[in-house]
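Chemist: With the sequence up front, the predicted model follows.
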Amino acid sequence: MDTKAQTAGEDLERGFSTRHGVDWTKYMLYRPTYPESFFRRIYNYHGQKPGASWSTAHDVGAGPGIVSSTLVDTFNHVIVSDPDEGHGKVARQVLVEEAGIPESRLVFLREDAESSSVEAGTVDLITACECIQYTDTANAVSEFARQLGPGGTLAVTLYSRPYILGNERAQSVWNAMFTAVSRKYSQPLFQRAFRILNSGLDCVALPPEDWEAVKRVYVNAGRGTETFRISDDVPESRVGSNEELVWIYGDPDWSDKEREVDSLRGLMSTWAPGLTESEARGYWEELESALDGATFRTETPVVIVLATKRA
């Protein structure tokens with residue numbers, strides 16, 4: 001399949017872009033790794049449908065191709081799209097030059113989630129992982145419906161910051177750092193993103209005229225969707241009355257043992273934009289005091305929203 005590109009408008013403000021200092025080397029080092037069970041859950045949902053096709057997947061907001069690198073093991077062709085030109089260059093390097101995936105199996109597109117050049121009804125699975133918060137969700141979901149063929153699967157996913165277990169003081173400080181980030185960036189783009197994060201994706205509507213068999217899976221969300229909350233600005237839930245809600249607690253695939261403070265420093269450095277060193281110094285000092293040199297366990301809250309395109 002030929003490689004294509006579509007130029008995105010330079011005048012549009014975008015979230016999590018190279019202009020905000022995104023460092024993919026740090027991102028891939030310190031962010032959670034998608035476990036095999038993450039993809040198995042998506043594939044099981046897709047594969048249970050009669051006549052499920054495994055021809056083409058579209059990884060929306062693909063960044064450096066983290067999810068794409070696994071999709072290519074199952075699908076014949078993978079579309080790798082992202083509105084940021086720098087991200088697309090990294091994805092090509094990671095997938096083609098480093099992983100050795102034949103370029104004929106990949107299409108690289110520089111475009112927004114809300115407006116794609118992908119032909120209507122040609123995609124079997126769309127993944128939108130860690131990116132939906134930077135979109136107009138209604139327009140993005142409508143665009144996803146256009147691309148998917150009947151019976152195609154949409155998987156919108158989000159993981160939040162990890163929870164420190166067994167030390168309420170440390171968790172309170174850790175949470176306060178993210179609240180500080182949400183207060184620092186008042187631009188509409190970022191405030192919309194924080195609102196979507198705060199809802200645990202419950203504000204993302206899946207209109208029944210386009211979607212069926214909607215399933216929302218919440219992992220390690222011991223306090224319900226409040227687990228995902230960074231600030232108090234929480235939008236209205238758009239969860240439909242016929243949607244299936246699944247709660248999974250204590251998932252070891254999204255848990256870490258024997259962590260140290262430096263791992264949290266690394267994780268925080270992947271938030272772009274984030275706090276400056278001077279802005280964060282007091283939080284780190286208080287967090288180190290709360291942990292008193294001890295290692296600790298964390299659980300990462302995750303939500304996976306699955307939906308099927310109506311025939």
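Modeler: Received the coordinates, thanks. Computed from a predicted structure; not experimentally measured.

Chemist: Tell me where the chain has strands.
Modeler: Taking DSSP state E as the criterion, the chain carries its strands at 56-60, 77-81, 106-109, 123-129, 148-159, 163-164, 211-219, 244-248, 255-259, 296-299, 302-309.

Chemist: The shortest one pairs with which strands?
Modeler: It stands for strand 163-164. In the sheet, strand 163-164 lines up against strand 296-299 (antiparallel) (DSSP bridges).

Chemist: Now do the buried residues in the strand it pairs with.
Modeler: Across strand 296-299, burial judged by 16 or more other C-beta atoms under 10 Å covers Phe296, Thr298, Glu299. C-beta here means a position set from N, CA and C on the backbone, and glycine is covered the same way.

Chemist: closest to Arg238 among those?
Modeler: Closest approach to Arg238 among those (C-beta to C-beta): Glu299, at 26.1 Å.

Chemist: Quick check: closest non-adjacent residue to the closest one.
Modeler: Spatial nearest neighbour of Glu299, excluding adjacent residues (C-beta to C-beta, 6 or more residues apart in numbering): Asn220 at 4.3 Å.

Chemist: Could you state which residue of the chain sits nearest its centroid?
Modeler: Glu130 (1.4 Å; C-alpha atoms, centre = their mean).

Chemist: how much space between it and His87?
Modeler: Distance, Glu130 to His87, by C-beta to C-beta, to the nearest Å: 12 Å.

Chemist: Common neighbours of the two, please.
Modeler: Residues within reach of Glu130 and of His87 at once, by C-beta atoms under 8 Å, 6 or more residues apart in numbering, are Gly63.

Chemist: about what we covered before: the residue nearest to the centre of the chain reaches Ala155, doesn't it?
Modeler: No. Using C-beta atoms under 8 Å, Glu130 is not in contact with Ala155, being 11.9 Å away.

Chemist: per-residue confidence at the residue nearest to the centre of the chain?
Modeler: Note for Glu130: predicted pLDDT of 97.

Chemist: And the one 4 residues further on, by the same measure?
Modeler: At Tyr134 the predicted local confidence, pLDDT, stands at 94.

Chemist: thought it was touching Leu189?
Modeler: Yes. Counting by C-beta under 8 Å, Tyr134 does reach Leu189; the two are 7.1 Å apart.

Chemist: Looking only at neighbour counts, state which of these two leads.
Modeler: Higher neighbour count among Tyr134 and Leu189: Tyr134, with 22 against 13, using other C-beta atoms under 10 Å.

Chemist: outside of stretch 124-132, which residues touch it?
Modeler: Residues from elsewhere that reach stretch 124-132 (C-beta under 8 Å, 6+ apart): 16, 34, 42, 46, 52-61, 63, 66-67, 71, 75, 113, 140, 144, 147-149, 152-159, 196, 201, 204.
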